[in-house]
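Chemist: Quick one: sequence and predicted model below, then my questions.
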Amino acid sequence: MKWLLKRVLAACAAVLVVTVAAGALLGMRFSGDPADWAASRGENGAWLSGAWLTGDKGAEDRAELRDRVARGQIGELYVLAGEIGADGAVRGGYGSAAARDFLGWAAEELPDTAVLGWLRHRADGSSLVEDRFGEDARGRLVAAAGEVAGAGFDGVHLDVSPVSVNDPSMPRLLDAVREEIGGDAVLSVQALPVELIPGLRAPFFAIDRGERYWSKGYLRRIAERADIVVIPGHASGMPVRSMYGGYMVRQVEEAVAALEQREESAGAALRFGVPGYDPDDAEQWGEASGGEGTATAVQAVRIGLTEADRRENAGTALYLLDTADDEQWRAYLEGWVEPAG
């Protein structure tokens, strides 16, 4: 048994060494000064909770939302319009009277901001063996996306997770949704994070049989079918600030590289998620890792854009606009919209 114990200890030591080395490398990426141009150009998005479609938000809330949208230079709002079931059916209030009232208000008060219906699905495990959505489920979801667009939204924001690399059902879904909602509607897709180095997703899959990352190739396939691709900035698993900052820098660099490798992908706009929610609301909005923060995220995005020299069709997406507290909102403004220097 001694030999087995030695091997186990050696394996644990190897994992520890790799973890420490990875942390050091990520920390090194989170360094340097961003270029002055690497800041908001008005190409930003933000998520909103579904409370805006239920009548729970009053006139005072709407006034604050209008001010935040204007000052934050936010051009897209992803409003939680429904939860997608495993069967593809969508349950939500996107067609309610309260939703129509909100959309009417937004059209008048936020004429330059696209309001998209955020459709969300969460599942356990990967879709490596079985497609995330079969043909019948895709049909139901496509029909629901058409109903969302028909209800007065400017488009849809699809947030389906996890989806395994090379799952063919996601590109098929996007093609069908595009046909259903038409070319004038906005099709936004929330991606999985991009693997920091090629093949990194494999060990994570082996450990928990789930999907944490997409390859650059799969991201390109998705981007070819979307107007906007959003890379999340929360649930990163990064325990400390320096690692999270380096992680976000790499997300920017890898996503930009993926979309620029093929000419037809160049038109897809990139948005990088910025966490702005209470970690106590993890059950609703996702687990927050110890190193995540609004100020760190926007600084990392600026550094990443500088390194990648991405000057157009790139911005941030605040998660979420109506849950960000005053400190998070100030960090977003001072770090991204109105950076000093």
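Modeler: Structure received. Every value quoted in this text rests on a predicted model; they were computed, and no experiment measured them.

Chemist: switch to C-alpha atoms for all contacts and neighbour counts from now on
Modeler: Will do.

Chemist: which other residues reach the helix or strand encompassing Ala46?
Modeler: Following DSSP states H and E, one finds Ala46 within strand 44-48. Here strand 44-48 makes contact (Cα atoms under 8 Å, 6 or more residues apart in numbering) with 72-80, 271, 314-322.

Chemist: Can you select the buried ones from those in PyMOL?
Modeler: Here is the PyMOL command that selects the buried residues among the contacts of strand 44-48 (16 or more other Cα atoms under 10 Å):
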select buried, resi 72+73+74+75+76+77+78+79+80+271+314+315+316+317+318+319+320+321+322
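
Chemist: re the thing from before, using PDB, write out every CA atom in the strand holding Ala46.
Modeler: Extracted C-alpha coordinates of strand 44-48, given in PDB (Å, rounded to 0.1, in the frame of the first residue of the first chain):
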ATOM      1  CA  ASN A  44     -22.200  48.000 -24.200                       C
ATOM      2  CA  GLY A  45     -24.900  45.700 -23.000                       C
ATOM      3  CA  ALA A  46     -26.500  44.800 -19.700                       C
ATOM      4  CA  TRP A  47     -28.700  42.100 -18.300                       C
ATOM      5  CA  LEU A  48     -32.000  42.900 -16.400                       C
END
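
Chemist: residues near Asp87, how many?
Modeler: With neighbours defined by other Cα atoms under 10 Å, the count for Asp87 comes to 16.

Chemist: and if you look at Asp280?
Modeler: Residues near Asp280, counting by other Cα under 10 Å, number 11.

Chemist: got a list of what the closest residue to Gly290 other than its chain neighbours touches?
Modeler: Leaving out its chain neighbours, the residue that sits closest to Gly290 by Cα to Cα, 6 or more residues apart in numbering is Pro239, at 4.6 Å. Pro239 makes contact with Ser289, Gly290, Gly291, Glu292, according to Cα under 8 Å, 6+ apart.

Chemist: Pull the contacting residues for Gln299.
Modeler: Pro34, Gly245, Gly335, Trp336.

Chemist: part of a strand, is the first one?
Modeler: Same thing as Pro34. No. Pro34: not assigned to a strand; according to DSSP: H, G, I helix; E, B strand; the rest coil it is coil.

Chemist: Test my guess that it contacts Thr306.
Modeler: Yes. Using Cα atoms under 8 Å, Pro34 is in contact with Thr306, at 5.7 Å.

Chemist: neighbouring strands for the strand holding Ala46, and are they parallel or not?
Modeler: strand 74-84 (parallel), strand 314-319 (parallel) (DSSP bridges).

Chemist: where do the strands sit along the stretch 101-250 of the chain?
Modeler: All strands of the stretch 101-250 of the chain, identified by DSSP state E, counting those that start in this stretch, fall at 114-122, 155-161, 186-190, 228-231.

Chemist: So which bits of the shortest one are buried?
Modeler: Neighbour counts over strand 228-231 (16+ other Cα under 10 Å) mark Ile228, Val229, Val230, Ile231 as buried.

Chemist: surely the first one meets Asn313?
Modeler: No. Shown here, Ile228 and Asn313 do not form a contact pair, counting by Cα under 8 Å, at 9.0 Å.

Chemist: And the residue nearest to Gly290, what's its pLDDT?
Modeler: We have a pLDDT of 94 for Pro239.

Chemist: where does this structure have low pLDDT?
Modeler: Where the chain drops to pLDDT under 70, the residues are 1-24, 128-129, 201-210, 262-267, 341.

Chemist: what residue lies at the spatial centre of it?
Modeler: In the chain, the C-alpha nearest the mean C-alpha coordinate belongs to Pro232, at 3.1 Å (Cα atoms, centre = their mean).

Chemist: ok, the closest residue to Ala226 other than its chain neighbours to Leu103 distance?
Modeler: Spatial nearest neighbour of Ala226, chain neighbours left out: Leu187 (5.4 Å); criterion: Cα to Cα, 6+ apart. As judged by Cα to Cα, to the nearest Å, Leu187 and Leu103 stand 18 Å apart.

Chemist: For whatever helix or strand comes next after the strand holding Ala46, which outside residues touch it?
Modeler: Using DSSP H and E, the helix or strand that follows strand 44-48 in sequence is helix 59-71. Contacts to helix 59-71, defined as Cα under 8 Å, 6+ apart, come from residues Gly75, Glu109, Leu110, Leu321, Asp322, Leu333.

Chemist: make it 7 Å
Modeler: For helix 59-71, contacts defined as Cα atoms under 7 Å, 6 or more residues apart in numbering pick out Leu110.

Chemist: ok so, going back, could you dump the strands of the stretch 101-250 of the chain to a markdown table with distance to Trp52?
Modeler: A markdown table is the format used below for the strands of the stretch 101-250 of the chain (distance: least, Cα to Cα, whole Å):
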| stretch | distance to Trp52 |
| --- | --- |
| strand 114-122 | 11 |
| strand 155-161 | 16 |
| strand 186-190 | 20 |
| strand 228-231 | 22 |
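
Chemist: nearest to Val177, of those?
Modeler: Of all the strands of the stretch 101-250 of the chain, it is strand 186-190 that lies closest to Val177, at 8.2 Å by Cα to Cα.

Chemist: strand partners of that closest one, parallel vs antiparallel please.
Modeler: strand 155-161 (parallel), strand 228-231 (parallel).
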